[in-house]
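Peer 1: coordinates for the following, if possible.
(4 chains)
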There are 2 protein chains.
Amino acid sequence: MTHSAPPAVPRFPVSVTVDLVIFTVRDDALHVLLVERGKEPFLGGSALPGGYVRPDEGLDEAALRELREETGLDGGRLHLEQLRSYGDPGRDPRGRVITVAYLALGPDLPAPVAGTDAARAFWAPVGEALRADSGLSFDHGAILADAVERARSKLEYTTVATSFCREPFTVSDLRHVYEVIWGIALDPSNFRRKVTRTAGFLEPTGERRTSETGRPAALYRFGGAAVMSPPLLRSGDIAGRGAGGGSGRG
Amino acid sequence: MTHSAPPAVPRFPVSVTVDLVIFTVRDDALHVLLVERGKEPFLGGSALPGGYVRPDEGLDEAALRELREETGLDGGRLHLEQLRSYGDPGRDPRGRVITVAYLALGPDLPAPVAGTDAARAFWAPVGEALRADSGLSFDHGAILADAVERARSKLEYTTVATSFCREPFTVSDLRHVYEVIWGIALDPSNFRRKVTRTAGFLEPTGERRTSETGRPAALYRFGGAAVMSPPLLRSGDIAGRGAGGGSGRG
DNA sequence: GCAATAGTGTCTTTGAGACAGTATTAC
DNA sequence: GTAATACTGTCTCAAAGACACTATTGC
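Peer 2: Numbering: from 1, shown residues only, chains lettered A, B, ... in the order given. This next block holds a predicted model:
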């Protein structure tokens, strides 16, 4: 469309969809929202939630609408960003379909909402979803893999990890997000130093949260800053240590 | 299209295009390849090169083809990556057009090739192209702005800056790329230390290049590593210093 | 010699890694 | 008291910032 028409072929049958990779941290694993397909192709298989972009809506708008339909959430409370587009001919057996994938991050969300299209939606640990034998439909396995890598690297240089925490949250809650998504244990002491001293990352509420055991932890809200510089690098992990890693020893 | 059909609207007239943001460093500025539009809408205006995706080709494939058509280059020598997709209704007055934007980086390229569709292509400094009054057609101003930001941040944590240098190149050539794209002066000494000690960034050829003035500089090839960790941060600039910044003083 | 660019060395500062040690809760 | 988690402090090391200084060219 930009310059004088290239050799013919202005228009042919194409559909444009948005697909959502919705991540949350539950228990001790990163989970993704999947739907069970109710029709061919891949009937009964698992896939990312998504749907057609409508004639009158933008891509971000379509993604927000799908998010609302699938999770019942108003999107304002979640982080939502475009991941990338996938459009290999043959990625959908029914014809040429270009999909724009979005990445959504949110705190442990209510189980998929009934009364919507997503009645057959469920949370799956990404590890399982990525295993070849559980094979996602279409090219959704590749999309999911790209989304995982995007999420992992965004934790390094941005503050999006807070999107996984319901406010108010503790430093340990936040560290747990990093540990689950990176799959490594972080030193609690150094992690605390980094996140509390990064301007705009955390904002103390002044409250504390008491749990069954241990000293009550200070509570924080997200502080509004988008990026962390210098970043919190993955390379900075601890080789041999359990995820709960205590500090003292003497 | 992933789950049971959402409320109607499976298919409506859409076109899918790829648009290219092709960057190069010429003289002392980042330049982008633009084309003068030969037809309505925006006849006579400037736009990013691009074209329709064909029924039988993937998105990356379409981008590579357009790149070849516009620059006469085989893409194998350039860095090419998907930037993001743009699909607001109304972004093209002729109808619904989704475009997948790609970012291409290359060494100072031969002036746009004749004999192709791109006869009216030309290099423009991005500063000028972004100015509101020179207004690019469609939403290409926004796409270009996103591309600049992507390029700037990729210099921090990857080795793509080498894509702007024709091999073999000197450390100063590479530093010049950073300085032009970030718009700041870097300390020659510290820059050298960083790039020469980052494993896989530079590979010495053993040769030197003599110029009109000064000591001949050692020549390097790209070393194959994709990322730099820790990154070379933009924040690490020098407040008041000219771009040529000499070292000695006594 | 001078101007200009390439390259080395080194002191200082920042921040991360690796802990030891203290604080506050439930039991 | 013990177990458990929260938090503080500090020593060390890696790497960046800020230079001074030396090297090699053309003139």
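
Peer 1: how about the residues of chain A by DNA strand D?
Peer 2: Counting by Cβ under 7 Å from any atom of the strand, chain A comes close to DNA strand D at A:170-172, A:188-190, A:192-193, A:196, A:208, A:211, A:213-218, A:244, A:246-248. All C-beta atoms are positioned from the backbone trio N, CA, C, and that covers glycine.

Peer 1: could you redo the last one with a cut-off of 10 Å?
Peer 2: A:170-173, A:175-176, A:187-193, A:196, A:204, A:208-220, A:230, A:235, A:242, A:244-249 (Cβ under 10 Å from any atom of the strand).

Peer 1: and the residues you listed, which of them are in strands?
Peer 2: Residues of the residues of chain A next to DNA strand D located in strands (DSSP state E): A:Pro204, A:Arg208, A:Arg209, A:Ala217, A:Ala218, A:Leu219, A:Tyr220.

Peer 1: which of those residues sits closest to DNA strand C?
Peer 2: The closest of those to DNA strand C turns out to be A:Arg208 (Cβ to the nearest atom of the strand; 6.8 Å).

Peer 1: can you give me phi and psi for the closest residue to A:Arg234 other than its chain neighbours?
Peer 2: Once flanking residues are discounted, A:Arg234 sits nearest to A:Trp182: 5.5 Å by Cβ to Cβ, 6 or more residues apart in numbering or on different chains. Torsion angles at A:Trp182 (phi, psi; degrees, to the nearest 10) stand at phi -90, psi -20.

Peer 1: neighbour-wise, which one of the ones in strands among the residues of chain A next to DNA strand D leads?
Peer 2: In terms of neighbour count, A:Tyr220 stands highest of these at 24 neighbours, by other Cβ atoms under 10 Å in any protein chain shown.

Peer 1: give me the number of residues near the residue nearest to A:Arg234?
Peer 2: So A:Trp182, with other Cβ under 10 Å, has 17 neighbours.

Peer 1: go ahead and confirm it touches A:Ser235.
Peer 2: No - assessed by Cβ atoms under 8 Å, A:Trp182 is found out of contact with A:Ser235, at 10.3 Å.

Peer 1: ok, how many other residues are close to A:Arg77?
Peer 2: A count of nearby residues for A:Arg77, using other Cβ under 10 Å, gives 12.

Peer 1: same question, A:Glu212
Peer 2: 4.

Peer 1: for A:Ala29, same thing?
Peer 2: A:Ala29 is flanked by 16 other residues according to other Cβ under 10 Å.

Peer 1: beta-bridge partners for it, please?
Peer 2: A:Arg26 (DSSP bridges).

Peer 1: so who does it touch?
Peer 2: A:Pro125, A:Val126, A:Gly127, A:Val180 (Cβ atoms under 8 Å, 6 or more residues apart in numbering or on different chains).

Peer 1: distance of the third one from A:Ala47?
Peer 2: So the one you mean is A:Gly127. 18 Å (Cβ to Cβ, to the nearest Å).

Peer 1: tell me which of those two has more neighbours.
Peer 2: Neighbour count, other Cβ under 10 Å: between A:Gly127 and A:Ala47, A:Ala47 has more, with 19 against 13.

Peer 1: isn't the more buried one right up against A:Gly135?
Peer 2: No - when contacts are counted by Cβ under 8 Å, A:Ala47 is not listed as touching A:Gly135 (10.4 Å).

Peer 1: one step back: with distance to chain B as extra columns, can I get the contacts of A:Ala29 in CSV?
Peer 2: Below are the contacts of A:Ala29 laid out as CSV (distance: Cβ to the nearest Cβ, whole Å):
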residue, distance to chain B
A:Pro125, 20
A:Val126, 17
A:Gly127, 21
A:Val180, 22
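
Peer 1: quick check on those residues: which are buried?
Peer 2: Buried residues within the contacts of A:Ala29, counting neighbours by 16 or more other Cβ atoms under 10 Å in any protein chain shown: A:Val126, A:Val180.

Peer 1: nearest to B:Tyr86 among the contacts of A:Ala29?
Peer 2: A:Val126 (28.6 Å; Cβ to Cβ).

Peer 1: per-residue confidence at the residue of chain A found nearest DNA strand D?
Peer 2: Closest approach between chain A and DNA strand D, counting by Cβ to the nearest atom of the strand: A:Gly214, at 2.4 Å. Confidence at A:Gly214, expressed as pLDDT, is 93.

Peer 1: cool, and the one 3 residues further on?
Peer 2: Confidence at A:Ala217, expressed as pLDDT, is 97.

Peer 1: just A:Asp133 next, same as before
Peer 2: Reported pLDDT for A:Asp133: 71.

Peer 1: again, but for A:Val9
Peer 2: In this model, A:Val9 carries a pLDDT of 43.

Peer 1: and A:Ser4, by the same measure?
Peer 2: The predicted local confidence for A:Ser4 is 42.

Peer 1: does the residue nearest to the spatial centre of chain A sit in a helix, a strand or a coil?
Peer 2: Central residue of chain A (Cα atoms, centre = their mean): A:Phe23, 3.2 Å from the mean position. State at A:Phe23, reduced to three classes by DSSP: H, G, I helix; E, B strand; the rest coil: strand.

Peer 1: I'd say it and A:Leu103 touch.
Peer 2: Yes - the criterion here is Cβ under 8 Å, and A:Phe23 meets it with A:Leu103 at 7.2 Å.

Peer 1: give me the common contacts of those two.
Peer 2: A:Ala147, A:Ala151.

Peer 1: who touches A:Pro36 in this structure?
Peer 2: Actually, residue A:36 is Glu rather than Pro. Shown in contact with A:Glu36 (Cβ under 8 Å, 6+ apart): A:Gly44, A:Gly45, A:Ser46, A:Arg120, A:Ala121, A:Phe122.

Peer 1: next, the nearest residue to the third one once chain neighbours are set aside: phi, psi?
Peer 2: Spelled out, it's A:Ser46. Closest residue to A:Ser46 apart from its sequence neighbours, by Cβ to Cβ, 6+ apart: A:Leu34 at 4.6 Å. When read as degrees, to the nearest 10, the backbone of A:Leu34 gives phi -120, psi 160.

Peer 1: CA atoms only for stretch A:218-235 - export them in CSV, please.
Peer 2: C-alpha atoms of stretch A:218-235 as CSV (Å, rounded to 0.1, in the frame of the first residue of the first chain):
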residue,chain,number,x,y,z
ALA,A,218,6.1,-4.6,55.0
LEU,A,219,3.6,-4.0,52.3
TYR,A,220,4.2,-2.1,49.1
ARG,A,221,2.4,-0.7,46.1
PHE,A,222,3.9,-0.3,42.6
GLY,A,223,5.8,3.0,42.4
GLY,A,224,5.0,4.0,38.8
ALA,A,225,8.5,3.7,37.2
ALA,A,226,8.5,1.7,34.0
VAL,A,227,12.1,0.8,33.7
MET,A,228,15.0,-0.3,36.0
SER,A,229,18.5,1.0,35.1
PRO,A,230,20.8,-0.7,35.6
PRO,A,231,18.8,-3.8,35.1
LEU,A,232,18.4,-6.8,37.4
LEU,A,233,20.2,-9.5,35.4
ARG,A,234,19.3,-13.1,35.3
SER,A,235,22.9,-14.0,35.2
